[in-house]
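# I'll drop the sequence and a predicted model, then ask my questions.
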Amino acid sequence: MTTNKSKELFERAQRSIPGGVNSPVRAFRSVGGTPLFMERAKGAYMYDADGNQYIDYINSWGPMILGHAYEPVVKAIQAKAMLSTSFGAPTELEIEMAELIKSMAPNVDMVRMVSSGTEACMSALRLARGYTGRNKFIKFEGCYHGHADAFLVKAGSGVATFNIQTVPGVTAGVSMDTLTAPYNDLASVEKLVTENKGEIAAIIIEPVAGNMGCIIPQAGYLEGLRAICDREGIVFIFDEVMTGFRLAAGGAQERLGINADLVTYGKVIGGGLPVGAFGGKKEIMQHISPLGNVYQAGTLSGNPIAMIAGYTMLKTLKDNPGIYKELDDKTETLHKGLKGVLSSGDVPHVINRLGSMISVHFSDKPVTDFAAAAAADNARFNRFFHSMLDQGVYLPPSAYETWFISTALSASDIEQTVAAAEKALRA
Ligand SMILES: *Cc1c(COP(=O)(O)O)cnc(C)c1O
């Protein structure tokens, strides 16, 4: 496989774009090597600038849950674009989108559209603070909630990949209000709540974490957080940017049976266009401007092209609940295949999976929090990643990311992936 064109493009990109990329993990820094520049994709496959084909396990970090260039979404975008790409005035489609989200997601009485998961999370946090009149909040080590200042404390995803402890540009004043606790450790949250009695506005969590590899909440953990929030008048925010419309039509709230006060969305909700949303209980949401006085706005929020892409995607998911069974089945097949290969290879490993989120940590201990994910043999992951890539399987270029499965993945794609994994283990 030659990747000369990608190498040339990366050289050229670095002269005009910091690090050659518009989002850090894409640069392959942690796994080493040169990032591949993509040209097109269809279904389960991506094609790079040199024409190589890859089975895609990133799926644009989630949105391509039905595979690339899903025709109804592409066609809807084309038709809508003819009617103007933006108005800066309300449209009926935005109501339909809000109604559709409400019909799928539990506990969402009202929803506000934004343009990214970052915006959704930072706005939800501002709202929780405005609503409670409190400043502090709790997040969990290794969870990623976008790149707003307040969240860049012990964050996952690229922040973890590059081992960034403190982020220059984030002031101490901002960081002081961000309290952190290890994932799956209820006692440490109780301690923070006691130490900061009456000062905590929100607890924000990835209900299934995907930004330190895939990490599953232990039995009773989310229930425990819910109870603490109820007792202390804290707003419980589910960051469902990754899990929303992926683990079930109603996301992690539905799948795990836990109610959140506010929920944030991104990724799948835009069908591949820049869309995010935050929503929740009316009692809280009514504090957003112009109804309330917590300010939040966006020139391209509710953009018609973005809305029709997201609407078409969500409507497909809502009308075809079998999709979730299909995603689960395919991911389970992959899980079993990988398990077989890894076990016979005598390699210490942990495969965490829930629904269509799955990841492999090369660890001999259970991986239930960030410390365990960081203690795994991530050098081995990097070798594994490159061997898979050479064999035409595109995994996330970091051990700190979950893999995303799409319905487009065929049984033979999965077989091919497992066979590649067997070879990759020897790398
Ligand atoms: C991707 C992600 C975000 C940030 O979304 P962007 O659209 O990249 O700004 C926030 N939270 C979680 C859980 C994510 O996975």
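On my side now, so go ahead.

# Was I right to think G43 contacts H68?
Yes - using C-beta atoms under 8 Å, G43 is in contact with H68, at 6.1 Å. Just so you know, the C-beta spots here come from the backbone N, C-alpha and C atoms, and that holds for glycine as well.

# what do those two both touch?
Common contact partners of G43 and H68 (C-beta atoms under 8 Å, 6 or more residues apart in numbering): A408.

# More neighbours: these two, which one.
H68 (22 against 19; other C-beta atoms under 10 Å).

# How about that one: what's its closest non-neighbour residue?
Of all residues not flanking H68 in the chain, A41 sits nearest, at 3.6 Å (C-beta to C-beta, 6 or more residues apart in numbering).

# Now do the SS call for that neighbour.
In three-state terms, and counting by DSSP: H, G, I helix; E, B strand; the rest coil, A41 is strand.

# Contact partners for it?
Neighbouring residues of A41 by C-beta under 8 Å, 6+ apart: 47, 56, 64, 68-69.

# Check what pLDDT it gets.
On pLDDT, A41 comes in at 98.

# where's it relative to the ligand, distance?
For A41, the distance to the ligand equals 19 Å [C-beta to the nearest ligand atom, to the nearest Å].

# Show me what that residue bridges to in the sheet.
M46 (DSSP bridges).

# where in the stretch 151-300 of the chain is pLDDT low?
Scanning the stretch 151-300 of the chain for pLDDT under 70 picks out 160-165.

# Contacts only, for Y144.
Shown in contact with Y144 (C-beta under 8 Å, 6+ apart): 151, 155-160, 206, 211.

# and if we set it to 7 Å?
Neighbouring residues of Y144 by C-beta atoms under 7 Å, 6 or more residues apart in numbering: 155-157, 159, 211.

# now G88
Contacts for G88 (C-beta under 7 Å, 6+ apart) come out as T299.

# Check which helix or strand it maps to.
Here G88 is covered by no helix or strand, with elements defined by DSSP states H and E.

# circling back: show me which pair in the contacts of Y144 is furthest apart.
Using C-beta to C-beta, these span at most 8.6 Å, a distance reached by V159 and N211.

# neighbour-wise, which of those two wins?
Comparing V159 with N211 by other C-beta under 10 Å, the one with more neighbours is N211, at 28 against 22.

# The spatially closest residue to the more buried one that is not a sequence neighbour: neighbouring residues, count only.
Using C-beta to C-beta, 6+ apart and skipping residues adjacent in sequence, the residue nearest N211 is G156, 3.2 Å away. By other C-beta under 10 Å, the residues close to G156 number 27.

# Repeat that for the one 10 residues further on.
By other C-beta under 10 Å, 11 other residues sit near T166.

# Name all residues that make contact with whatever residue of the chain ends up closest to the ligand.
In the chain, the residue that lies nearest the ligand is G117 (2.2 Å; C-beta to the nearest ligand atom). Applying C-beta under 7 Å, 6+ apart to G117 gives the contacts 146, 241, 264, 266-267, 276.

# Can you lay out these as a markdown table showing neighbour count, secondary structure and distance to the ligand?
As requested, the contacts of G117 are exported to a markdown table (neighbours: other C-beta atoms under 10 Å; DSSP: H, G, I helix; E, B strand; the rest coil; distance: C-beta to the nearest ligand atom, whole Å):
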| residue | neighbour count | secondary structure | distance to the ligand |
| --- | --- | --- | --- |
| G146 | 21 | coil | 4 |
| V241 | 31 | coil | 4 |
| T264 | 31 | strand | 7 |
| G266 | 28 | coil | 4 |
| K267 | 27 | helix | 6 |
| G276 | 30 | strand | 6 |
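
# of all the residues you listed, which comes closest to M285?
Closest approach between the contacts of G117 and M285, by C-beta to C-beta: T264, at 12.4 Å.

# so that closest one sits right up against E240, yeah?
Yes - between T264 and E240 there is a contact under C-beta atoms under 7 Å: 6.3 Å.

# who touches A376 in this structure?
361-363, 367, 399.

# make it 6 Å
Shown in contact with A376 (C-beta atoms under 6 Å, 6 or more residues apart in numbering): 361-363.

# Most neighbours among the residues you listed, which one?
H361 (28 neighbours).

# just checking, it touches G213?
Yes - if you go by C-beta atoms under 6 Å, H361 and G213 touch, sitting 5.4 Å apart.
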